[in-house]
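Provide a 3D model corresponding to the input given below.
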Amino acid sequence: MAGSKDQRHRIRGVYLLTRETPDTAALCAGVEAALRGGVRLLQFRDKSSDAGRHREQLAALRTLTRRHGALLIVNDDVALAAECGADGVHLGEDDGDLRRARAVLGPGAIVGASCYNDLGRAEAVADAGADYLAFGAFFASGTKPLARRADVTLLQQSERFGLPRVAIGGLDAHNAGPVIEAGAAAIAVLGAVWDAPDREAAARALTDLFPSLE
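Coordinates of the predicted model:
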């Protein structure tokens, strides 16, 4: 199995977070539209307690992401990521130990970490073996209106850790340019795609902000 270092180059472009819904068909339709629009990173995020729904939706999303050559990351839940054969897990500050996640998922998994607006945390998770560092919120976020705010200088200052940086928080095709210019390898979005009348076109507009993508 390829080591996670060999996967880090895939942390780039548009990183779509799923919108929580009990309707698996609707979820998959939206995700597939976004994948057609160029999304190559997908994070399954569902804070409900419905384990059966989680497994059903992840199985369907695993099929879709494989078909489109995209990565599937599970938010918070290391055991669920292992069970569904996801490509990795994303951990917030209260979601468990990064080294333990690596031990469970193996060397080939992608383990990302939220760093908010904290360079100290970024250094700690980089030392623990994180594969990418997520900073934000850079703008007001409808998903997390009380999220800590971050400045683009964090993206520049964190370059020294040698890891891909992901920007998150209220990003869309109109405001994401500066965070990409500041060093973000990927932008994590939710509303910018899910709230759009044409999700494929919305995803394409975001993907087009990354001219180096093949």
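
CA only for contacts and neighbour counts going forward, please
OK.

can you name the element that comes right after the longest helix seen in the chain?
Ranked by residue count under DSSP state H, the longest helix found in the chain is helix 51-68. Per DSSP states H and E, the first helix or strand lying C-terminal to helix 51-68 is strand 71-75.

so how far is that following strand from its chain's centroid?
7 Å (Cα atoms, centre = their mean, to the nearest Å).

please apply the same query to stretch 155-163.
For stretch 155-163, the distance to the chain centre is 18 Å (Cα atoms, centre = their mean).

could you work out the end-to-end span of that stretch for me?
Using Cα to Cα, to the nearest Å, the end-to-end distance of stretch 155-163 comes to 11 Å.

swap in stretch 82-93?
End residues of stretch 82-93 are separated by 20 Å (Cα to Cα).

return the distance of that stretch from the chain's centre.
Offset of stretch 82-93 from its chain centre (Cα atoms, centre = their mean): 11 Å.

can you list contacts of it?
For stretch 82-93, contacts defined as Cα atoms under 8 Å, 6 or more residues apart in numbering pick out 55, 58-59, 62, 71-78, 81, 98, 101, 104-105, 109-115.

how many other residues sit next to the residue lying closest to residue 178 once chain neighbours are set aside?
Closest residue in space to residue 178, ignoring its immediate chain neighbours: residue 152 at 7.6 Å, by Cα to Cα, 6 or more residues apart in numbering. Using other Cα atoms under 10 Å, the number of residues around residue 152 comes to 19.

contact partners for residue 152?
Taking Cα under 8 Å, 6+ apart as the criterion, residue 152 is in contact with 138, 178, 179, 182.

per-residue pLDDT, residue 129?
In this model, residue 129 is scored at 94, pLDDT.

quick one: it and residue 60, what's the gap?
29 Å.

ditto for residue 119
36 Å.

now the strands: where do they sit in this protein?
Listed in chain order, the strands of the chain (DSSP state E) span 13-17, 41-44, 71-75, 88-91, 110-116, 132-135, 165-168, 186-189.

by contact count, what packs against the first one?
Here strand 13-17 is seen to pack against strand 41-44, strand 186-189, helix 199-207 when contacts are counted using 3 or more Cα pairs under 8 Å, 6 or more residues apart in numbering; DSSP states H and E.
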